[in-house]
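Asker: heads up, no residue letters with this:
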């Protein structure tokens, strides 16, 4: 097999499962690594460079979270597994140049695969563009436009707009960077019948999304999504469609509709795409790529950054089922192993916490299914270790039975989100409902109407609700009216302000405390999942402990509150 110039670029656009390009990051050492390898690993090219170092004339600041690529090498983390690493917003995204440099830097590529005149010409053009960008960025723009004019149908030349756009963004010339990505998108849309260009659209939109936000030009992203989605829909029925970039477009369009308050239309186009992939995966001939695309779509729809989307909780269960089905169909696929492991971890530590018994069974199933893959798949092995740590922490929590009838344990208060000057003594003589919750917890949000109702019904009878949460490094988006994980570290005070905004948005007025990091308060109150409610009587004795958000649980808590308040003081 000869690794030609076109195949190198298709590694990014069309065939990541055959020649994946991987970016991994070691945050402590502040270093990034680009890996290019083919399926049988007969050829592997690596380039490692400090994040802010000069790499062959280009300042490379690589951001893994822009690219959804995977690897069959258990020794290399996929970008899915490290997508939560934090990078500065201004980071220029230079995956394509780094890939090309990787192919041209090391003699091993030439030794293994022979000479390619076209590839040599491409390297020379890329090197000249690098020099132009280093000397005069405006001349670099003119140079690349001239090259495109000479070879208007060359995707190899067009793809260099990624390099130029990234460099312009790095110099804070966001409007000019947008133009480069928009021109590249125009070319890809015009050639969308070629499947590699469909993958290219996905890559370009990821960059456009980042740059349009930096440029404060959300309209540019909306237009790009509409243009690409229209082009996909206009493809002839017989044309091959790449599921993953099409799904990415649908989700982006849905998010845009939500911002325009068209939630029903957003839910409709999402449901249609999910159904299409459901049908494709039910086919006995469904490939690993199709199954992975199905999982990837559901992962986008259940992202922690989209907690307020109306469909999110409904698709959590579908994601778990899709991962299990895909893993059973292709048990040797490392990326499907990773999908299954990651989803189980989220189910165990976040989404499924409202049912501790079911979670215990889920942990047992996860270890039973993943113990063998974990021997050769380091990512799965790491996730199992995290699940084990979580299980040990849950086992350390006090059994609920030992709490009821006992004096309530001490409170551990680092600060209050929406009140000041309050201590535990402030609630002496009252019936208190301690509500353990988190902003990212869907079942917790489902209890909010009950919390408001109980406070309104019983508030003047000596009843109060006290929320208890932890620091999760969340920040508030005032425009979108939602909380999401911050890209960088935020202070405890900033997160308490986020909590205050979140509570105000959901019309919750009861006081909410934040426990310190590594606090044992949750463990002392038997918390194994959230929402977790602990009802304390006027004398400070625990009378009821419930976990979950169902109507039966809500009714039981309501009845117990009423009973305790009816007792004479």
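Answerer: Looks like it arrived, so ask away. Note that the structure is predicted; figures quoted are calculated from it, not measured. Numbers count the residues shown, from 1 in each chain.
Asker: pLDDT weak spots in the stretch 301-450 of the chain?
Answerer: By pLDDT under 70, the weakly predicted segments of the stretch 301-450 of the chain are 304-305, 307-308, 354.
Asker: Which parts of it are helices?
Answerer: For the stretch 301-450 of the chain, the helices defined by DSSP state H, counting those that start in this stretch cover 312-329, 334-346, 356-370, 373-376, 378-396, 400-403, 442-446, 448-458.
Asker: Out of these, which is the most enclosed?
Answerer: Highest mean neighbour count of the helices of the stretch 301-450 of the chain: helix 334-346, a mean of 24 (counted as mean count of other C-beta atoms under 10 Å). The way it works is simple: take the backbone N, C-alpha and C, and place the C-beta from them, glycine included.
Asker: Tell me which other helices or strands that helix touches.
Answerer: Judged by 3 or more C-beta pairs under 8 Å, 6 or more residues apart in numbering; DSSP states H and E, the packing partners of helix 334-346 are helix 288-301, helix 312-329, helix 356-370, helix 378-396.
Asker: Export these as a markdown table, with columns for distance to residue 235.
Answerer: Listed next are the helices and strands packed on helix 334-346 as a markdown table, based on distance: least, C-beta to C-beta, whole Å:
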| stretch | distance to residue 235 |
| --- | --- |
| helix 288-301 | 17 |
| helix 312-329 | 25 |
| helix 356-370 | 38 |
| helix 378-396 | 35 |
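Asker: Any chance of the helices of the stretch 301-450 of the chain in TSV with distance to residue 153 as columns?
Answerer: Compiled in TSV, the helices of the stretch 301-450 of the chain are given as follows (distance: least, C-beta to C-beta, whole Å):
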stretch	distance to residue 153
helix 312-329	38
helix 334-346	33
helix 356-370	47
helix 373-376	44
helix 378-396	40
helix 400-403	69
helix 442-446	49
helix 448-458	56
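Asker: Would you tell me which of these gets closest to residue 279?
Answerer: Among the helices of the stretch 301-450 of the chain, helix 312-329 comes nearest to residue 279, with 12.9 Å by C-beta to C-beta.
Asker: Can you tell me which of the helices and strands packed on helix 334-346 is nearest to residue 440?
Answerer: Nearest of the helices and strands packed on helix 334-346 to residue 440, taken as C-beta to C-beta: helix 312-329 at 10.5 Å.
Asker: closest one to residue 156 among the helices and strands packed on helix 334-346?
Answerer: Within these, the stretch nearest residue 156 is helix 288-301; the backing value is 24.5 Å (C-beta to C-beta).
Asker: May I see the buried residues of that closest one?
Answerer: In terms of neighbour count (16 or more other C-beta atoms under 10 Å), helix 288-301 has its buried residues at 289-301.
Asker: Distance to residue 394 added to those residues, as TSV?
Answerer: Converted to TSV, the buried residues of helix 288-301 look like this (distance: C-beta to C-beta, whole Å):
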residue	distance to residue 394
289	37
290	36
291	31
292	31
293	34
294	31
295	27
296	30
297	31
298	26
299	25
300	29
301	28
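Asker: Pick out whichever of those sits closest to residue 198.
Answerer: Of all the buried residues of helix 288-301, residue 293 has the smallest distance to residue 198: 11.8 Å, by C-beta to C-beta.
Asker: Distance of the closest residue to that closest one other than its chain neighbours relative to residue 288?
Answerer: Counting by C-beta to C-beta, 6 or more residues apart in numbering, residue 243 is the residue found nearest to residue 293 once chain neighbours are left out, at 3.7 Å. Noted for residue 243: a distance of 12 Å to residue 288, by C-beta to C-beta, to the nearest Å.
Asker: Nearest to residue 558, out of the helices and strands packed on helix 334-346?
Answerer: Ranking those by proximity to residue 558 (C-beta to C-beta) places helix 356-370 first, at 21.6 Å.
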